[in-house]
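S.K.: Fold the stuff below for me.
(chains A and B)
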Amino acid sequence: MKHQMKNLMDEDLTEPECVLVDIYRQLARVLETSGDELSPFAKRNALKALAALWQVMNGLDMDPGQVYDLGA
Amino acid sequence: MTESPYWNPRHETMPRDRIEALQARKLRNLVEWADSSVPWQSKRLRDAGVTPDQVSSLDDLQQIPLMTREDWMQGQLEHPPYGPILAAAPESAIRYHMTSGTTGATPIRVLDGMKDWEWIAEMWCYGLWGFGVRPSDIVFVAFGYSTFIGFWGLHYAGEKIGCLVLPGGAMTTDQRVRQIVDMGATVVCSTPTYALRMAQEAKSMGVDLAGSSVQRLILSGEPAGSIPATKKLIEREWVAMAGDTAGMTELGTIMIFECAEQPGGTHIIEDHYIEEVLDPESGKPVPYGEMGERVVTSFGRGFIPVFRYRTRDLVVKVPGSSCRCGRTFDIYEGGIRGRVDDMKLVRGTNVYPRAVEAIVREFPEIDEFQIHLYTAEGIRDEIEVLMEIPDVDADPYRIMGEVGKKLADAHEGLRFGVKQAETGTLPRFELKAKRMLDERIVIGTEGERRSQP
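M.R.: Numbers count the residues shown, from 1 in each chain, chains lettered A, B, ... in the order given. You can find the predicted model right below:
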């Protein structure tokens, strides 16, 4: 299915950008709901990935907010 | 797809109205975050009548009170060790850094979370990528890797870009030069002063930097990276392009960078900062082309929200369109021109260290220099410039005569003493150079006497 998404500046995101946004959101959701169930290696690497993907969200103007509560 | 010359092409080429709309939205988010998570900031904002729901344009920024280093320090003293500025629990931080102490005895202490630390590197990526650094580059970082933040963010930016990064900490200058050459470094990062120091060392070692692989120097930590004469000297010594950047511990990273077009100034990273230029006395905004004090609001570091921080840096802002690179980000023409408190009053004339350096560096025979202020005969202000001229083929009397004349011409006829210092006797610097030595007992024309230590 083709992604369609606008950022908060009302601009269309490209297909690969939409995929990255989805991945970030899934990653954040996993850490929020099941972070404590993950092994240390899985959780800490997921947090590092979240911190990196946060920059993508920010750069795409998706207003990612703050993620200190998740540990990043 | 052709490789972009921009790190974030959409933001870096955004029309001005869109940049300002983006900044206004980020400002509202920042006010909301600070209001909900930092009681000290919330009180400051609400005392000024600022609430998140009423921030709708950049005009609303003017309602937010200015913050000074003194405010920050006072908060640290009352609520050690960090002050009341943190928006998250210290336990969630992964980095601690502090200021170098150049302008104050007590350092400012800061913390960063994981995503803040990524953001800090992200800002350096704008600068490195914009100056032409690419994954194939080998980046040597001539830096002491301590709690002073310095080039830490650049190191991680280099890794993020995919460069091979050589951490040049805990090394002597000759060891650094040797490693730069032996490892084929293509990019060298240091302060402007230390770039010259390494070039001098290379000469004394018989190393020909022109034959090295170095193509670019990334400079930071001192205003000299944008002083044309100093930059020209560095580029000549290294036979490489030199690009200026500037950052500060209070923000964690850089906020301005010079692009590969080298427009004679530094672009402001305006999708992550609002940079105002205000008259330091009145606090009123000054227009494009006029010198004023940098006042910064930063969107990136959530751990420490910063609104309208008075940097004391002197800058001249011009439109981004004055550069050919295509960025719409405004430019600080000539980079950081100096600091509000750098200025010395000598017999009624203003003297800025940068202006003196700009003249001294026109003479490549001068290896190192120092500006010395002292009180003569118990009452009179004097200024002299001490210079090392190690080249035995140079004519020191001609050079000193010319430097003295140029200094006087540039300072309303103020008489500067110009003296030759013995080679190797003046201080050398790895980080921020301090070439102004003020030993006056009586200050300026006011006859005010300094208390004796």
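
S.K.: Give me the most central residue, chain A.
M.R.: Using C-alpha atoms, centre = their mean, the residue of chain A that lies closest to the mean C-alpha position is A:Y24, 2.0 Å off.

S.K.: contacting residues around that one?
M.R.: A:L50, A:L53, A:W54, A:V56, A:M57, A:P64 (C-beta atoms under 8 Å, 6 or more residues apart in numbering or on different chains). (Glycine included, C-beta is placed from N, CA and C.)

S.K.: Determine the number of other residues adjacent to the last one.
M.R.: Applying the criterion other C-beta atoms under 10 Å in any protein chain shown, we find 20 residues in the vicinity of A:P64.

S.K.: Ramachandran angles for it?
M.R.: With angles defined as degrees, to the nearest 10, A:P64 sits at phi -70, psi -10.

S.K.: now the fourth one
M.R.: When read as degrees, to the nearest 10, the backbone of A:V56 gives phi -70, psi -50.

S.K.: what residues are up against the nearest residue in space to it that is not next to it in sequence?
M.R.: Among residues not flanking A:V56 along the chain, A:L20 sits closest, at 5.3 Å (C-beta to C-beta, 6 or more residues apart in numbering or on different chains). Contacts were defined as C-beta under 8 Å, 6+ apart; by that measure A:L20 touches A:L53, A:V56, A:L60.

S.K.: Quick check: next helix or strand after the biggest strand by length in chain B?
M.R.: The residue-count maximum for a strand in chain B (DSSP state E) belongs to strand B:306-318. Moving toward the C-terminus from strand B:306-318, the next helix or strand (DSSP states H and E) is strand B:331-333.

S.K.: Could you please name the strands the next helix-or-strand element following that following strand pairs with and the direction of each pair?
M.R.: Per DSSP H and E, the first helix or strand lying C-terminal to strand B:331-333 is strand B:338-339. If you go by DSSP bridges, strand B:338-339 pairs up with strand B:306-318 (antiparallel).

S.K.: how far out from the middle of the chain is the strand it pairs with?
M.R.: In this view, strand B:306-318 has its centroid 11 Å away from the chain centroid, taken as C-alpha atoms, centre = their mean, to the nearest Å.

S.K.: Could you check how far the residue nearest to B:V360 when sequence neighbours are not counted is from B:E388?
M.R.: For B:V360, ignoring the flanking residues on the chain, the nearest one in space by C-beta to C-beta, 6+ apart is B:F369 at 5.0 Å. To B:E388, B:F369 is 7 Å away according to C-beta to C-beta, to the nearest Å.

S.K.: where do the contact lists of the two overlap?
M.R.: B:L426.

S.K.: neighbouring contacts of stretch B:410-422?
M.R.: B:346-347, B:349-351, B:355, B:359, B:368, B:370, B:382-389, B:396, B:400-401, B:403-404, B:407-408.

S.K.: What distance separates the opening and closing residues of it?
M.R.: Distance across stretch B:410-422, first residue to last, is 26 Å (C-alpha to C-alpha, to the nearest Å).

S.K.: Which positions in that stretch come out as buried?
M.R.: B:H411, B:L414, B:F416, B:V418, B:A421 (16 or more other C-beta atoms under 10 Å in any protein chain shown).

S.K.: likewise stretch B:270-284?
M.R.: B:E270, B:D271, B:H272, B:Y273, B:I274, B:E275, B:E276, B:V277, B:L278, B:P280.

S.K.: Make JSON lines from those residues and add secondary structure and pLDDT to it.
M.R.: Below are the buried residues of stretch B:270-284 laid out as JSON lines (DSSP: H, G, I helix; E, B strand; the rest coil; pLDDT from 0 to 100):
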{"residue": "B:E270", "secondary structure": "coil", "pLDDT": "98"}
{"residue": "B:D271", "secondary structure": "coil", "pLDDT": "98"}
{"residue": "B:H272", "secondary structure": "coil", "pLDDT": "98"}
{"residue": "B:Y273", "secondary structure": "strand", "pLDDT": "98"}
{"residue": "B:I274", "secondary structure": "strand", "pLDDT": "98"}
{"residue": "B:E275", "secondary structure": "strand", "pLDDT": "98"}
{"residue": "B:E276", "secondary structure": "strand", "pLDDT": "98"}
{"residue": "B:V277", "secondary structure": "strand", "pLDDT": "98"}
{"residue": "B:L278", "secondary structure": "strand", "pLDDT": "97"}
{"residue": "B:P280", "secondary structure": "coil", "pLDDT": "92"}
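
S.K.: Between which two of the residues you listed is the distance greatest?
M.R.: Put simply, by C-beta to C-beta the two of the buried residues of stretch B:270-284 set farthest apart are B:D271 and B:P280, 26.6 Å from each other.

S.K.: residues contacting the residue lying closest to B:D367 once chain neighbours are set aside?
M.R.: Nearest residue to B:D367 in three dimensions, chain neighbours excluded: B:E388, at 4.5 Å (C-beta to C-beta, 6+ apart). Neighbouring residues of B:E388 by C-beta under 8 Å, 6+ apart: B:I366, B:D367, B:E368, B:F369, B:Q420, B:A421, B:E422, B:T423, B:G424, B:T425, B:L426.

S.K.: what distance separates stretch A:29-46 from the middle of the whole chain?
M.R.: Using C-alpha atoms, centre = their mean, the offset of stretch A:29-46 from its chain centre is 14 Å.

S.K.: on that earlier part again, which one of the contacts of A:L20 sits in the busiest neighbourhood?
M.R.: Ranked by neighbours (other C-beta under 10 Å), the contacts of A:L20 are led by A:L60, which has 24 neighbours.

S.K.: need the helix or strand of chain B with the lowest average pLDDT.
M.R.: Taking mean pLDDT, DSSP states H and E as the measure, the helix or strand of chain B with the lowest value is strand B:448-449, at a mean of 60.

S.K.: The stretch 1-150 of chain B: strands as residue ranges?
M.R.: With DSSP state E, counting those that start in this stretch as the criterion, the stretch 1-150 of chain B has strands at B:95-98, B:109-112, B:138-141.

S.K.: Of all those, which one comes closest to chain A?
M.R.: strand B:109-112 (10.6 Å; C-beta to the nearest C-beta).

S.K.: does chain A sit close to that closest one?
M.R.: No. Shown here: strand B:109-112 not in contact with chain A (C-beta under 8 Å from any C-beta of the partner chain), separated by at least 10.6 Å.

S.K.: Contacts for that strand next, please.
M.R.: Against strand B:109-112 from outside (C-beta under 8 Å, 6+ apart): B:76, B:81-82, B:86, B:90, B:93-98, B:120, B:149, B:249-250, B:252, B:301, B:303-304.

S.K.: For A:C18, the count of nearby residues, please.
M.R.: Neighbours of A:C18 using other C-beta under 10 Å come to 17.

S.K.: For B:I371, which non-adjacent residue is closest in space?
M.R.: B:M436 (4.8 Å).

S.K.: Which positions are bridged to the residue lying closest to B:A185 once chain neighbours are set aside in the beta structure?
M.R.: The shortest distance from B:A185 to any non-neighbouring residue, by C-beta to C-beta, 6+ apart, is to B:F140 (3.9 Å). For B:F140, the beta-bridge partners are B:L166, B:V188 (DSSP bridges).

S.K.: Closest one to A:E11 out of the contacts of A:Y24, please.
M.R.: A:M57 (14.1 Å).

S.K.: give me every residue that touches the residue nearest to B:G169 when sequence neighbours are not counted.
M.R.: Closest residue in space to B:G169, ignoring its immediate chain neighbours: B:Y145 at 3.7 Å, by C-beta to C-beta, 6+ apart. Shown in contact with B:Y145 (C-beta under 8 Å, 6+ apart): B:W152, B:H155, B:P167, B:G169, B:A170.
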